[in-house]
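Engineer: pasting the sequence and the predicted coordinates here, then a few questions.
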Amino acid sequence: MSEPAQTSRKKQEYEHTLDSSDSSVAQFDHKHRNLFDTVQHFLHGNPTMVPVIVLVFSIIIFGFVAGPKFFSPFNLSLILQQVAVIGILAAAQSLVILTAGIDLSVGAIMVLMSVIMGQLAITLGVPAPIAIIIGFIGGIAAGALNGFLVTRIKLPPFIVTLGTWNIFFALNLWLSGAQSIRSQTLDEIAPLLKFFGESIAIGGARITYGSILMLAIFGVLWYILNHTSWGRHVYAIGDDKEAAELSGIRTNRTLIMVYGLAGLVCAVGAWASIGRVGSVSPQSFQEANLQSITAVVIGGISLFGGRGSIIGPLIGALIVGVFNSGLRLAGVDVLWQVFAIGWLTIIAVAIDQWIRKVSA
């Protein structure tokens, strides 16, 4: 046999051996992937499915436990009303957590901006539209301050936002004098501030404009994060900030923009909160920070950043609303409602950790 023929034969034998080896490995991997591995891989690629499954099962269970009242159009629309403000804050919180940060000041920013809007319109006589715009600018400035301290001073997001939470809360009490602006006063001077508390009737349901606003905010943020280069940069920073810098992304500028946008969303939430409460209250939404984080975690966005859909926190907020409504209709004490939400949060984090262990 000639040398070229021998070489050709050896090449064919090598390729046959390689093909057989590849096939054997592929069959081995497939054969040894059990049900839990399959579920883990599926949830890793579709993290939003976890809160969707939890929401569906929660609705079914509470439908049986709480009775037909739970499925009434009025109760379902009431759940949407109750989660509107926390849902908006969860949207702001999600932006920061996607970058592997955290913002403990979202609730304080929201309340401070509602006080600024109210004081400008009621105490100083500024036209309501201008007062609202100034509140929006203030929200952007407050968020950008957090971003500046994180990126330029190189402080941890947890420490920065814990500090600014106290600063914003103190400013809130100073500007308001710890006094609320009553609903009647708003009706007489600046009814526009209560706009998002108004509702429209659809059958037996009452949908507030605040609920519609929440859905609109999530829709806009979903488009930005999924269909713009800026949105892809946000995910890249959360996944690996150093790698994002090496790829040419201006990470510090993007992070400041993220915190600024989160502040703007909080300011929009401030306007919605006035309509929800019916007054400007400096003492309202004291637990909003933790509730927003709860909605984000339950919604499947990883606390380690870079993974999850912005729609997840919307579903997470709805899950909390469904739990609270279902347990209340079932006659469960408020104490045990909080107890249940606490366990739900822990379970959500445990599921996220389990999903992250999937092999690449």
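Structural biologist: Structure's in. What do you need?

Engineer: what about the strand or helix carrying D352, distance to the chain center?
Structural biologist: Element membership of D352 [criterion: DSSP states H and E] is helix 334-356. The chain centroid and the centroid of helix 334-356 are separated by 16 Å under CA atoms, centre = their mean, to the nearest Å.

Engineer: shift numbering so it begins at 68
Structural biologist: In the new numbering, first residue 68, that becomes helix 401-423.

Engineer: for the protein, give me the ranges with low pLDDT.
Structural biologist: 68-100, 102-103, 106-107, 109-114, 423-427 (pLDDT under 70).

Engineer: show me where it has its strands.
Structural biologist: With strands called from DSSP state E, the chain shows them at 266-269, 272-275.

Engineer: follow-up on the earlier one: which residues sit against the helix holding D419?
Structural biologist: 107, 110-111, 114, 117-118, 361, 364-365, 367, 369-371, 374, 383, 386-387, 390-391, 394-395 (CB atoms under 8 Å, 6 or more residues apart in numbering). C-betas here are computed from N, CA, C, even on glycine.

Engineer: quick revisit: for the strands of the chain, which one ends up most surrounded?
Structural biologist: With neighbours taken as mean count of other CB atoms under 10 Å, the strands of the chain reach their highest mean count in strand 272-275, at a mean of 18.

Engineer: so how far is V364 from P118?
Structural biologist: As judged by CB to CB, to the nearest Å, P118 and V364 stand 10 Å apart.

Engineer: what sits in contact with each of those two?
Structural biologist: Listed as contacting both P118 and V364 by CB under 8 Å, 6+ apart are G383, A415.

Engineer: so what's Q186 closest to, chain neighbours aside?
Structural biologist: In space, and not counting its chain neighbours, Q186 is closest to L242: 5.7 Å by CB to CB, 6 or more residues apart in numbering.

Engineer: near that neighbour, how many other residues are there?
Structural biologist: Here the number of neighbours of L242 (other CB atoms under 10 Å) works out to 16.

Engineer: contacting residues for it?
Structural biologist: L242 sits in contact with L179, V182, I183, Q186, where contact means CB under 8 Å, 6+ apart.

Engineer: got it, and V163?
Structural biologist: The contact partners of V163, taken as CB under 8 Å, 6+ apart, are I169, D170, P224, V325, Y326, A329.

Engineer: spatially, which two of the residues you listed are the most separated?
Structural biologist: I169 and V325 (12.1 Å; CB to CB).

Engineer: neighbour-wise, which of the two wins?
Structural biologist: Taking neighbours as other CB under 10 Å, I169 and V325 compare with V325 leading, 28 against 21.

Engineer: does that one really touch T166, like I thought?
Structural biologist: Yes: if you go by CB atoms under 8 Å, V325 and T166 touch, sitting 5.6 Å apart.

Engineer: if we can go back for a sec, same list (the contacts of V163) but as a markdown table, adding distance to E255.
Structural biologist: Formatted as a markdown table, the contacts of V163 follow (distance: CB to CB, whole Å):
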| residue | distance to E255 |
| --- | --- |
| I169 | 40 |
| D170 | 35 |
| P224 | 42 |
| V325 | 39 |
| Y326 | 37 |
| A329 | 33 |
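
Engineer: tally of neighbours for F215?
Structural biologist: F215: 17 neighbours (other CB under 10 Å).

Engineer: distance of L145 from L357?
Structural biologist: Applying CB to CB to L145 and L357 gives a distance of 22 Å.

Engineer: of those two, who's got more company?
Structural biologist: The neighbour count for L145 versus L357, taken as other CB under 10 Å, is higher for L145 (16 against 13).

Engineer: which residues are in contact with that one?
Structural biologist: The contact partners of L145, taken as CB under 8 Å, 6+ apart, are R273, S392.

Engineer: circling back to that earlier point, residues of the helix holding D419 that come out buried?
Structural biologist: Buried residues in helix 401-423, counting neighbours by 16 or more other CB atoms under 10 Å, are found at Q404, A407, I408, L411, T412, A415, I418, D419, I422.

Engineer: also stretch 242-260?
Structural biologist: For stretch 242-260, by 16+ other CB under 10 Å, it's L242, S243, S247, I248, L253, I256, A257, L259, L260.

Engineer: what's the span of it, first residue to last?
Structural biologist: Terminal residues of stretch 242-260 are spaced 18 Å apart (CA to CA, to the nearest Å).

Engineer: pull the number of nearby residues for T218.
Structural biologist: The local packing of T218 (other CB under 10 Å) involves 18 other residues.

Engineer: pull the contacting residues for it.
Structural biologist: T318, N319, L322, I323.
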